[in-house]
Structures are given as C-alpha cells and as structure tokens.
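Novice: Have a look at this prediction, sequence included:
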Amino acid sequence: MTDAAVVDIAPGDPGWRGLLDRASAPYRGAGRFAWHFARGKLGMDPVFRHLLGHALIPPGARVVDIGCGQGLLASLLRACGEASRAGAWPAGWPAAPTGVHVTGIELMARDVERARAALGATAPDATFVCGDMRTVPLPPCDAVVILDVLHYITHAEQDRVLTHVRDA
C-alpha cells in the first residue's frame, strides 16, 4: 500500500459510477450474460472499490489476477487509466492505477473467451491464460489478486498456491 490517503468509495459516488460504466462497456460486445455479469459484479462487490480507495494497485504495476473470470479487474484497471488520461479521475481519490498490466489466470475456458472477446485477445494491458491456479506458472509481478477462488481447493493446495504467489 502506498502512503496515499485512504478513501471509502461509496457505490453511488459519481466517480465510481463513471468507472463502472467504462469498465462494463466492453462486455456489451461479449454477449448479454457477460455485460450483465460485469455490471452486477463490479457494481455490487465492494472489493473493487476497496482496491482503488486504498491504492492497493500502484501505477505501472504488473498484476496477476488468479481466478480472473471474464477479466473484470483488468477491465476496471483499464477504465481507471482511461479516466485518468481523460482528466476524469476524481479529486481526493488516491492516484489512478495507470499503466497497469494484468495477467489473468482462469480455469474456465468460456470465461477466458469472454475476457478476450471484451478486452482483446492481444491487448497490451492484459493477458488471459486458461489454466489451473495450482499448476500455471506465475509471471513476475508486483501484486496478486485472488478473489473468490481459494475456497475451491484444499488447504494444502492453498498453501502451495500462496507459496507460488510469494515467489512471483
């Protein structure tokens, strides 16, 4: 975490609503389910606002998103960069996580297809890998995000995954 001020970003905050719109927009082209899921998950799960409000993803970070699903974190971080470049980053919030590259790892091939359909199969700011978090090699990184997936594996497997995370 940086020395930046911590901000509790409310779900109704106009800055957040703009980011939600930007981050979910690419999923319109990936299908109705993809768009509705993006709007719902990004809009309702407070962890995304927490990551931004607490500056947990620094500018220029190499991020590994384990269990990335359809790439929502990558889309949100891309939207943050776009908002910052457009001069639409809210005053009083910590620095925008700009210039971030996300490597998303996801077991479900259909989710990886949705991520690539929405964000681009060869996007410079995001790479999506279809594979098992227990066996996929992790690239060197500055931050790792693991949301809603560790409970699917045993405690011993969790320990091994977290050891790989530490080593990356």
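Specialist: Perfect, thanks for sending it.

Novice: Name the nearest residue to the residue nearest the centre of the chain, ignoring sequence neighbours.
Specialist: Closest to where the C-alpha atoms of the chain average out (CA atoms, centre = their mean) is L73, at 1.5 Å. Distances taken as CB to CB, 6 or more residues apart in numbering put D65 closest to L73, at 4.8 Å, once the chain neighbours are dropped. Just so you know, the C-beta spots here come from the backbone N, C-alpha and C atoms, and that holds for glycine as well.

Novice: show me the contacts for the one you found.
Specialist: By CB atoms under 8 Å, 6 or more residues apart in numbering, D65 lies in contact with 71, 73-74, 102-105, 144-145, 147.

Novice: how about those residues in CSV, adding secondary structure?
Specialist: Below are the contacts of D65 laid out as CSV (DSSP: H, G, I helix; E, B strand; the rest coil):
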residue, secondary structure
G71, coil
L73, helix
A74, helix
V102, strand
T103, strand
G104, strand
I105, strand
V144, strand
V145, strand
L147, coil
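
Novice: ok, of these, which one's closest to D167?
Specialist: V144 (10.7 Å; CB to CB).

Novice: burial of that closest one, as a residue count?
Specialist: Neighbours of V144 under the rule other CB atoms under 10 Å: 19.

Novice: Identify the bridge partners of it.
Specialist: V64 (DSSP bridges).

Novice: Show the contacting residues for it.
Specialist: Neighbouring residues of V144 by CB under 8 Å, 6+ apart: 63-66, 138, 165, 168.

Novice: Just the pLDDT for it.
Specialist: pLDDT recorded at V144 is 97.

Novice: and the gap between it and G15?
Specialist: To G15, V144 is 26 Å away according to CB to CB, to the nearest Å.

Novice: about what we covered before: and the contacts of D65 as CSV, adding distance to G40?
Specialist: As requested, those are exported to CSV (distance: CB to CB, whole Å):
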residue, distance to G40
G71, 15
L73, 15
A74, 17
V102, 20
T103, 24
G104, 19
I105, 22
V144, 24
V145, 19
L147, 14
